[in-house]
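*Asks:* Sequence and predicted model, in that order:
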Amino acid sequence: MRIVREKMGLPKLTRTSYQSCSIETLSVALVGLGALGSEIARLLGLLGVAAVALVDNDTIESVNTSQNIFFRTPDALHRPKAEVIAEKGFIYFPDTRWIPLACEIADAGFKPLKDCALIISATDSALSRVETAYVSRRLHVPMLDTGLSGPACWRGRAAWFPAESSSACYCCQLSEDRRAEVLSMTCSPVLSCLWSPENLDMPSTPTMASVVAGMAIDLAFRHGLSRKQEQSFAWDIDLDSPPELRQHSLIRSVTCPFHDFPASDVLTELDHDAPFQHSLTALGAQAIQLDWPVATDATCLSCHHNWQPLCRLGWLRRYGKCPRCGEPVKVRWHAIDRILTNTAEAGFSPADLSYSKDHLFTPVYHTR
Ligand SMILES: [Zn+2]
Ligand SMILES: [Zn+2]
């Protein structure tokens, strides 16, 4: 390993301020592998980060093949982006362990993410960013949020959110209405009727993706991690005329719900196939808190079919179809975010509720 690192010139980093965050020992999770995310993956490989978990449930379509160096070979087409980048990453950047997670962040489970030093969000979906922010807060891992914006994407942002619960998180920046709307889609069993579908078809240029990816990684490694920044802040870059780079402080919102996870909450591995009741009895707990609410009952508003989806509410709301009429889900549903001991729901197992095998759960010892 040492020979490879020296041959690749990575020790040069030791003469820069990158050295103080010991890049070669860091594990990073990267959520979103589009133009910006795949460029970030390339930089993480060049820097020699120890491990990168690649999180994205998309597959490569022909429009993506020119997006970055990883997707250009014909064998990449129709395969998951996470798998292809991991495969090519292994060839180009053998110092790094590439871990493909071809799923949404909420389905990755906490186990592969809990020891990361940093979670990077590079998606263009507010839902995915809020889910990433939740994981970052829940696991006490700093988050770097990155994005392109503006006409023809000449603007970009990188925002640093430390793990400290007193500092702002991604969710703090949303207006209260928007936050309620996004949370109701994914993190809360309470229904909001405000949701308007996101337009994810953002144009981007490889040059701007490269500029923002470089800026974001520099912000995270040289400022966030090395200097152990405890305040949230963002860098905004605008390459229109005249070009501009600005820094903003980001302020915590007192109404944001992502700041009050009790320190006593302990993440616990449960038997994936055993009923929750077995685990509850074995642990002597009163309940298991579900990080992602699960829809247990749904009625199609088109054909009135009633069924038990038993899947993550966020997934049902985004992708679900009525099993009878095949219409995209417009349903009335019931969802749960807690399994109480000695209830019908305690007869389900984590597998029954479509939870990842790698998820770590939160037992509750005194029902709150
Ligand atoms: Zn917040
Ligand atoms: Zn139906």
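*Replies:* Arrived safely, thanks for sending. Ligands and ions are numbered 1, 2, ... in the order given.
*Asks:* how many other residues sit next to the closest residue to ligand 1 within the stretch 251-368 of the chain?
*Replies:* Proximity of the stretch 251-368 of the chain to ligand 1 (C-beta to the ion) peaks at C256, 3.1 Å away. Backbone N, C-alpha and C define where each C-beta goes, glycine included. As a burial measure, C256 scores 20 neighbours (other C-beta atoms under 10 Å).
*Asks:* Let me see the contact set for I69.
*Replies:* Residues in contact with I69, defined by C-beta atoms under 8 Å, 6 or more residues apart in numbering, are 42, 88.
*Asks:* returning to what we had before: ramachandran angles for the residue nearest to the residue of the stretch 251-368 of the chain closest to ligand 1 when sequence neighbours are not counted?
*Replies:* Here the nearest residue to C256 in space, its sequence neighbours aside, is C172; by C-beta to C-beta, 6 or more residues apart in numbering that works out to 4.5 Å. Torsion angles at C172 (phi, psi; degrees, to the nearest 10) stand at phi -60, psi -30.
*Asks:* Could you measure from C172 over to I119?
*Replies:* Distance, C172 to I119, using C-beta to C-beta, to the nearest Å: 16 Å.
*Asks:* Between the two, point out the one with more neighbours.
*Replies:* Taking other C-beta under 10 Å, C172 and I119 do not tie; I119 has more neighbours (25 against 20).
*Asks:* low-scoring stretches of the stretch 51-200 of the chain, by residue?
*Replies:* 151-153, 187-200 (pLDDT under 70).
*Asks:* Name the residues of it found near ligand 1, please.
*Replies:* By the rule C-beta under 5 Å from the ion, the part of the stretch 51-200 of the chain lying against ligand 1 is 169, 171-172.
*Asks:* same deal with the stretch 201-350 of the chain?
*Replies:* Checking the stretch 201-350 of the chain against ligand 1 by C-beta under 5 Å from the ion, the hits are 256, 258.
*Asks:* Just the strands from the stretch 201-350 of the chain, written as ranges.
*Replies:* Assigned by DSSP state E, counting those that start in this stretch, the strands in the stretch 201-350 of the chain fall at 233-238, 244-249, 287-300, 306-307, 311-312, 331-340.
*Asks:* In contact with L144, which residues?
*Replies:* By C-beta under 8 Å, 6+ apart, the residues touching L144 are 118-121, 158-161, 216, 219-220, 224.
*Asks:* contacts with ligand 2 among these, please.
*Replies:* Within the contacts of L144, nothing lies near ligand 2 by C-beta under 5 Å from the ion.
*Asks:* Filter the residues you listed down to just the buried residues.
*Replies:* The neighbour-count criterion (16 or more other C-beta atoms under 10 Å) marks 118-121, 158-161, 216, 219-220, 224 among the contacts of L144 as buried.
*Asks:* What is the nearest of the residues you listed to ligand 1?
*Replies:* The nearest member of these to ligand 1, counting by C-beta to the ion, is F161 at 8.3 Å.
*Asks:* what bridges to the closest residue to the closest one other than its chain neighbours?
*Replies:* Spatial nearest neighbour of F161, excluding adjacent residues (C-beta to C-beta, 6+ apart): M143 at 4.4 Å. Counting by DSSP bridges, M143 forms beta bridges with I119, F161.
*Asks:* you'd agree E131 is in a strand?
*Replies:* No: under DSSP: H, G, I helix; E, B strand; the rest coil, E131 sits outside any strand and is assigned helix.
*Asks:* mind checking how far the most centrally placed residue in the chain is from E345?
*Replies:* What sits nearest the mean C-alpha location of the chain, by C-alpha atoms, centre = their mean, is T132, with 3.2 Å. Distance of T132 to E345, given as C-beta to C-beta: 27 Å.
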